[in-house]
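In: how does the following fold in three dimensions:
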Amino acid sequence: MPQRTVAIGSPQGLHARPASLFVQAVNSSGLPVTVAREGGDPVDARSVLAVMAMGAKHGETVTLAAEDSETSDKVLDELVEMLATDLDA
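Out: Numbers count the residues shown, from 1 in each chain. Here you go, the predicted structure:
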């Protein structure tokens, strides 16, 4: 199962707007993706409520994982790039 680790770039963490943009990107990928805070349980990245409930703050590290497929590496790389930027800008 491919995984990527990234620090949250949005100054307010994964609150409503960044979480919503992230979840939209996950859902448009068509892949089941999970996201987990360091030391936490993975949650379904297709659910905005689950992503927001994680409470990931700016600078905290999260791990993304996806089922192995032809596009999983590309999708995870794009999602990592997204989370590393300021999605509030």
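In: does Asp44 touch Ala50 like I think?
Out: Yes - the criterion here is Cβ atoms under 8 Å, and Asp44 meets it with Ala50 at 5.2 Å. Every residue, glycine included, has its C-beta placed from N, CA and C.
In: who touches both of the two?
Out: Residues touching both Asp44 and Ala50 by Cβ atoms under 8 Å, 6 or more residues apart in numbering: none at all.
In: quick one, helices of this structure?
Out: Using DSSP state H, the helices of the chain run over 16-29, 48-54, 72-84.
In: Throw those into a markdown table and include distance to Pro2 and mean pLDDT, thanks.
Out: Listed next are those as a markdown table, based on distance: least, Cβ to Cβ, whole Å; pLDDT from 0 to 100:
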| stretch | distance to Pro2 | mean pLDDT |
| --- | --- | --- |
| helix 16-29 | 13 | 97 |
| helix 48-54 | 19 | 97 |
| helix 72-84 | 5 | 97 |
